[in-house]
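A.B. asks: Pasting a predicted model and its sequence here:
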There are 4 protein chains.
Amino acid sequence: MPALAALIEDLVAANRILAGLNVLDGFGHVSVRHPDHADRYLLSRSVAPELVTRDDIMTFDLNSLAQDGDTRTPYLERFIHGEIYARRPDVRSVVHSHAPAVVPFAASSVTLRPIYHMSSFLRTGAPVFEMRAHFGMTDMLVRNNDQGAALASSLADGPVVLMRGHGFCTVGDSIPVAVFRAFYTQTNADLQQRAIALGGSVTYLDDAEAVQAEETNRRVVMRPWELWKAKYYPRPDA
Amino acid sequence: MPALAALIEDLVAANRILAGLNVLDGFGHVSVRHPDHADRYLLSRSVAPELVTRDDIMTFDLNSLAQDGDTRTPYLERFIHGEIYARRPDVRSVVHSHAPAVVPFAASSVTLRPIYHMSSFLRTGAPVFEMRAHFGMTDMLVRNNDQGAALASSLADGPVVLMRGHGFCTVGDSIPVAVFRAFYTQTNADLQQRAIALGGSVTYLDDAEAVQAEETNRRVVMRPWELWKAKYYPRPDA
Amino acid sequence: MPALAALIEDLVAANRILAGLNVLDGFGHVSVRHPDHADRYLLSRSVAPELVTRDDIMTFDLNSLAQDGDTRTPYLERFIHGEIYARRPDVRSVVHSHAPAVVPFAASSVTLRPIYHMSSFLRTGAPVFEMRAHFGMTDMLVRNNDQGAALASSLADGPVVLMRGHGFCTVGDSIPVAVFRAFYTQTNADLQQRAIALGGSVTYLDDAEAVQAEETNRRVVMRPWELWKAKYYPRPDA
Amino acid sequence: MPALAALIEDLVAANRILAGLNVLDGFGHVSVRHPDHADRYLLSRSVAPELVTRDDIMTFDLNSLAQDGDTRTPYLERFIHGEIYARRPDVRSVVHSHAPAVVPFAASSVTLRPIYHMSSFLRTGAPVFEMRAHFGMTDMLVRNNDQGAALASSLADGPVVLMRGHGFCTVGDSIPVAVFRAFYTQTNADLQQRAIALGGSVTYLDDAEAVQAEETNRRVVMRPWELWKAKYYPRPDA
């Protein structure tokens, strides 16, 4: 299978997996940078991730304009993807989600921090993007390139950014890495909240521990990916 | 398919969807205003929503009297629907639920407020209907027109009303909108509780943000509806 | 179908339903008083409720001795059932469970109280049976008639009793009523905990509200029962 | 079926069961001591537990070196198993997990204690292994024999050890016992957190109660095991 076709297959799998893991519901999306054109990315047309098929995938440039005369309805927030790819050459995949476990941290003064090695990419804490600080009163969506650029700037060089009153994004240098980080951002949020609710003191990973654990995790990222594909996308669409 | 048949099909779908989303269990119900007679509404006979089929749908007038000599057992609380339709010409669908995530807010002094854009319809907070203030000691059910009218009065012009010691109602100008609001009332309740449990300060949507987000949401309401129909009502009954 | 066969069918259904609702897991049990012999009761041999079939049902007298020379291994805690039937002529069915949502209340100084009408049978709060107060240090199981009698005495004339460090029991004048109460004891525990976690004040049902709501609930108990049977025991074993 | 083949079958079942119970996800593992060679143990190659089949099982000596020239990729943390078997002749099975309910206790100053009889093996509280105290900054994994020995030393003669910023291990003198303890460690963590969140005082099992309850539980451990096998491994692979 040529590289592009294989990547599209993985992108469809990522949609189904993130829906299966409850990271995405009727909303949210996942994209991948075009394998042959670094200034383009692939993203589904506007449809619930669980229903995405190969034929739904559209191509966008980094201004998030649809290519090839494709006139199907795109996601309103595609600018998240375009601006992150523009600012971050290292990033090859982006996930945007409203996962219930994470939104509370996006609304709270408490910082999301790594409670165990699986979420070591959170390291010294996830930044929170505050739309209001940049654009005043909005509908909270990232619906143009300026807003996307501001979000990408909050993400900076990190792997995750929370969005106040909205959700979060994770990035990675491959689809499995971005998906892994989305899942473990969600899991860490749930675990951290439980730990806080115990009422005692909570020990988070030390920064040096997180750096080393993250290096290790990068080498085992395919193990859960293979499991998730087997569970949530067992029979690739013909 | 004529308008009435299509609407009944959507009403059956709404029952299955709300059961699938755990908004309804053995109890609760969803109705739709009659498409041709604004002074009538459609609601299942007394049966668990997950089991509702096309043949269970009954027609009621706005006094919640069964029409066409239908003598099947109706829901005890059909008056919720009749009185809301009577007071609110803009409403075309009503959901009544005991969803576990929401009941705590119906019993608490803490107001349910929008923690993210998806539940922007909550805006400045959901009102709580206190049966006791109007009718003293009751069995908590809305079982006549006076009680339905008092509830409708608490709902006022809003999209949602909580019911102390009981549950909540959402309304919309279509079945998908009422269902969307029921689901995101439930989700917001869960998220708000998690955010409060973190112990820090919580930032809710500003009123101006909520107004704009609600306008946007109204335009994407069919995306989750199509997903939910595909998941929970894949094969309409023949 | 003769009364006894129909009742055994319902008892098997109750086992499957309570497992499906996560009220029972590998442990716990549900019994019914013999329809023709008020001094006997029917209860499965020692097996996980989800696996119970018609052929597993044994008959016991009120001393919890197996009848008809049945030598199969019975549940260690069958004395719960025998002693409750002996003390409470009004009871026709007993559920014993370790449901996760309820155990915290059995270990806490906070009383389980009705947060909504569905659990109105909790009325002024569920009593907690403290084995230690009667029998000192034990393995926490109710494994003889004396212990069963002490538990039945804590239950007194109520519908539910919690057991410290162990679980709870519900009773009813029919299998559907005992199952309904087990499910809504579990649901109320979950809801009450969420309400407390909100940090505000919590309004429970007034005693007079609970009395009236309980009367109403008794009349609708078959609606969830029919749903649960359809979901968890769709094809009675041949 | 010869003893070894039967044990391998149980080991595969344990992998599927622990995945089904959400004790294991893409990570974690379960092993068994070799039935004929006390200085060897059986453990899957590096693959998600839910996907493990008979053919994935490898044999290791107590230094965690693969036997029989097996060059497949082993789990990085196999040293957990080797060092526990080396130190604890009574142990015949080891589970290592990152179960979400348990990790908060591994990061908190609050001790995991038995809230009911099912988790009586926790007795006076689960110890927490602090990698940092022994090895300074690491990637948190137990990736050599020294680290495994330190962990085994924290476990001491107990049935369970938590691992700060990581997860936990349970052991038993059979696969069903180790699995039972893993499941009820998870359940107890969830229940204890709920009990603490109620805000009142919490009564844990007295040590003498726990000793007696543990003795009883040892005799009923096959009941949930048979249920779990029927649910999560209904058709052993041919």
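C.D. replies: Okay, I see it. Numbering: from 1, shown residues only, chains lettered A, B, ... in the order given.
A.B. asks: Tell me how many other residues crowd the residue in chain A that chain B sits nearest to.
C.D. replies: In chain A, the residue that lies nearest chain B is residue A:26 (2.9 Å; C-beta to the nearest C-beta). (Glycine included, C-beta is placed from N, CA and C.) Number of residues near residue A:26 (other C-beta atoms under 10 Å in any protein chain shown) recorded here: 23.
A.B. asks: did I read that right, it in a helix?
C.D. replies: No - counting by DSSP: H, G, I helix; E, B strand; the rest coil, one finds residue A:26 to be coil, located in no helix.
A.B. asks: Just list the residues touching it, thanks.
C.D. replies: Residue A:26 is in contact with A:48, B:223, B:224, B:227, B:228, counting by C-beta atoms under 8 Å, 6 or more residues apart in numbering or on different chains.
A.B. asks: and with 7 Å instead?
C.D. replies: By C-beta atoms under 7 Å, 6 or more residues apart in numbering or on different chains, the residues touching residue A:26 are A:48, B:223, B:224, B:227.
A.B. asks: do the same with residue A:43
C.D. replies: Contacts of residue A:43 by C-beta under 7 Å, 6+ apart are A:29, A:31, A:58, A:60, A:75, A:78, A:81.
A.B. asks: Just those: which are in helices?
C.D. replies: Residues of those located in helices (DSSP state H): residue A:81.
A.B. asks: so can I have a markdown table of the contacts of residue A:43 showing distance to residue B:216, pLDDT and neighbour count?
C.D. replies: Listed next are the contacts of residue A:43 as a markdown table, based on distance: C-beta to C-beta, whole Å; pLDDT from 0 to 100; neighbours: other C-beta atoms under 10 Å in any protein chain shown:
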| residue | distance to residue B:216 | pLDDT | neighbour count |
| --- | --- | --- | --- |
| A:29 | 16 | 98 | 25 |
| A:31 | 21 | 98 | 30 |
| A:58 | 21 | 98 | 21 |
| A:60 | 21 | 98 | 24 |
| A:75 | 12 | 97 | 25 |
| A:78 | 15 | 98 | 25 |
| A:81 | 19 | 98 | 31 |
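A.B. asks: Excluding its own residues, what touches stretch A:83-95? List them.
C.D. replies: Residues outside stretch A:83-95 that contact it (C-beta under 7 Å, 6+ apart): A:18, A:30-33, A:41, A:62, A:80-81, A:145, A:148-149, A:151-152, A:155, A:169-175, A:177-179, A:182.
A.B. asks: Give me the buried entries from the residues you listed.
C.D. replies: Burial by neighbour count, 16 or more other C-beta atoms under 10 Å in any protein chain shown: within those this picks out A:18, A:30-33, A:41, A:62, A:80-81, A:145, A:148-149, A:151-152, A:155, A:169-172, A:174-175, A:177-179, A:182.
A.B. asks: Out of the contacts of residue A:26, which comes closest to chain C?
C.D. replies: Of all the contacts of residue A:26, chain C sits closest to residue B:227, with 22.3 Å by C-beta to the nearest C-beta.
A.B. asks: In which helix or strand does the residue located most distally from the centre of chain A reside?
C.D. replies: Within chain A, the residue lying farthest from the chain centre (C-alpha atoms, centre = their mean) is residue A:200, at 31.5 Å. Here residue A:200 sits in a region with no helix or strand, counting by DSSP states H and E.
A.B. asks: tell me the phi and psi of it?
C.D. replies: Per-residue torsions, residue A:200: phi -90, psi -170 (degrees, to the nearest 10).
A.B. asks: so it makes contact with residue D:110?
C.D. replies: Yes - using C-beta atoms under 7 Å, residue A:200 is in contact with residue D:110, at 4.0 Å.
A.B. asks: Distance-wise, check residue A:13 relative to residue D:47.
C.D. replies: Using C-beta to C-beta, to the nearest Å, residue A:13 is found at 18 Å from residue D:47.
A.B. asks: before we move on, the earlier item: mind checking which of the contacts of residue A:43 are in strands?
C.D. replies: Of the positions in those, A:29, A:31, A:58, A:60 sit in strands, assigned by DSSP state E.
A.B. asks: Quick check on residue A:163: phi, psi?
C.D. replies: phi -130, psi 110.
A.B. asks: residue contacts, the nearest residue to it once chain neighbours are set aside?
C.D. replies: Sequence neighbours aside, residue A:129 is the residue nearest to residue A:163 in space, at 4.8 Å (criterion: C-beta to C-beta, 6 or more residues apart in numbering or on different chains). For residue A:129, the contact set (C-beta under 7 Å, 6+ apart) comprises A:151, A:154, A:161, A:162, A:163, A:164.
A.B. asks: again, but for residue A:81
C.D. replies: By C-beta under 7 Å, 6+ apart, the neighbours of residue A:81 are A:31, A:41, A:43, A:64, A:94.
A.B. asks: Name the nearest residue to it, ignoring sequence neighbours.
C.D. replies: Spatial nearest neighbour of residue A:81, chain neighbours left out: residue A:31 (4.4 Å); criterion: C-beta to C-beta, 6+ apart.
A.B. asks: Specify the beta-bridge partners of the one you found.
C.D. replies: On the basis of DSSP bridges, residue A:31 is bridged to residue A:94.
A.B. asks: wait, it sits on residue A:41?
C.D. replies: Yes - counting by C-beta under 7 Å, residue A:31 touches residue A:41, with 5.0 Å between them.
A.B. asks: ok, which of the contacts of residue A:26 also contact chain D?
C.D. replies: When C-beta under 7 Å from any C-beta of the partner chain is taken as the criterion, no member of the contacts of residue A:26 contacts chain D.
A.B. asks: Put the buried members of those residues into a PyMOL selection.
C.D. replies: Selection of the buried residues among the contacts of residue A:26 in PyMOL, burial being defined by 16+ other C-beta under 10 Å:
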select buried, (chain A and resi 48) or (chain B and resi 223+224+227)
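A.B. asks: and of the contacts of residue A:26, the nearest to residue A:187?
C.D. replies: Nearest to residue A:187 out of the contacts of residue A:26 is residue A:48 (C-beta to C-beta; 22.5 Å).
A.B. asks: The top helix by length along chain A and chain C in contact?
C.D. replies: Ranked by number of residues, the top helix in chain A under DSSP H is helix A:175-197. No - Helix A:175-197 stays clear of chain C (C-beta under 7 Å from any C-beta), getting no nearer than 7.6 Å.
A.B. asks: What average pLDDT does that helix get?
C.D. replies: Averaged across helix A:175-197, pLDDT comes to 98.
A.B. asks: After it, which helix or strand is next?
C.D. replies: Using DSSP H and E, the helix or strand that follows helix A:175-197 towards the C-terminus is helix A:207-220.
A.B. asks: The next helix or strand after that next one: which residues count as buried?
C.D. replies: Scanning forward in sequence from helix A:207-220 by DSSP H and E, the next helix or strand is helix A:222-232. Under the neighbour-count criterion of 16+ other C-beta under 10 Å, helix A:222-232 has A:223, A:224, A:225, A:227, A:228, A:229, A:231, A:232 buried.
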